[in-house]
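[1] turn this into a structure:
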Amino acid sequence: QLLELAALENGQIHAQLQSVELTELLSEIQQTFTPRAKKLGVTLNFEQVNVSSILTDPQLMRRILNNLIDNALRYTPTGGEITIFTQQDCSEGKNQQWLAVKDTGSGMHQHEVEALRQLSLSQMAVQQDKLTFDNNQVLPQLGVGLAIVRQLLGLLKCKIEVQSQPGIGSEFKIELVTQF
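    Numbers count the residues shown, from 1 in each chain. The predicted structure is shown next:
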């Protein structure tokens, strides 16, 4: 993971955007993680999606979802639940589609969530097609996996929203690009 993060930070990975069927992508993810979830005694729910095609790099989006679900499985206790679902936000004239990974795991403290929020697209700079971050914003306590997610979402120009409470769980919402 550290090599992947270094490659991302050095601009060696580029997004290859294309139309992707979200249901097919999620079906692959479900097949990957269902055996592990069962072994851990965690319920893994994939709700029916209300978005058909998205504009993304399928390999990068798969990596993002793999990291988020892997973290959710790691921090969700036996008997817990992880749900993957889509959500639409039409408030204030918006028409945003989101893909969410929500768990009943250990959750994160508010200062960790705030630190992750500060690493939004507004904090990123793209220079000569390379994505860079202020080195002072690297937060190892959030894990390499979440740092990779942050970098990959930047390449896809997608927003992420995070809500979490210790002892309750976390929800990661990724804005989807549905207009071509």
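[2] could you point out which element follows the lowest-mean-pLDDT helix or strand in the chain?
    The helix or strand of the chain with the poorest confidence is strand 130-132; it has a mean of 35 (mean pLDDT, DSSP states H and E). Later in the chain than strand 130-132, the nearest helix or strand by DSSP states H and E is helix 144-156.
[3] which of the residues in that following helix are buried?
    145-156 (16 or more other CB atoms under 10 Å). Placement of C-beta: from N, CA and C, glycine included.
[4] could you dump these to a markdown table with pLDDT?
    Formatted as a markdown table, these follow (pLDDT from 0 to 100):
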| residue | pLDDT |
| --- | --- |
| Gly145 | 66 |
| Leu146 | 76 |
| Ala147 | 71 |
| Ile148 | 73 |
| Val149 | 82 |
| Arg150 | 80 |
| Gln151 | 78 |
| Leu152 | 83 |
| Leu153 | 85 |
| Gly154 | 83 |
| Leu155 | 82 |
| Leu156 | 89 |
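[5] and the contacts of stretch 88-102?
    Identification of contacts with stretch 88-102 by CB atoms under 8 Å, 6 or more residues apart in numbering yields 22, 49-51, 54, 65, 68-69, 72, 82-87, 161, 169-176, 178.
[6] average pLDDT across that stretch?
    Per-residue pLDDT values across stretch 88-102 average out to 85.
[7] first-to-last residue distance for it?
    Stretch 88-102 stretches 16 Å from its first residue to its last (CA to CA, to the nearest Å).
[8] check whether Tyr75 really touches Ile69, as I assumed.
    No. Look at Tyr75 against Ile69 with CB atoms under 8 Å: they stay out of range, at 11.2 Å.
[9] which of those two has more neighbours?
    Set side by side, Tyr75 and Ile69 show more neighbours around Ile69, with 22 against 18, by other CB atoms under 10 Å.
[10] what helix or strand is the closest residue to that one other than its chain neighbours located in?
    Spatial nearest neighbour of Ile69, chain neighbours left out: Phe33 (5.3 Å); criterion: CB to CB, 6 or more residues apart in numbering. Phe33 is located in helix 22-40, with elements delineated by DSSP H and E.
[11] which residues of this structure fall in helices?
    2-9, 22-40, 58-75, 110-117, 144-156 (DSSP state H).
[12] test my guess that Asn67 contacts Leu146.
    Yes. If you go by CB under 8 Å, Asn67 and Leu146 touch, sitting 7.1 Å apart.
[13] any weak-confidence spans in this structure?
    Where the chain drops to pLDDT under 70, the residues are 1-12, 115-145, 179-180.
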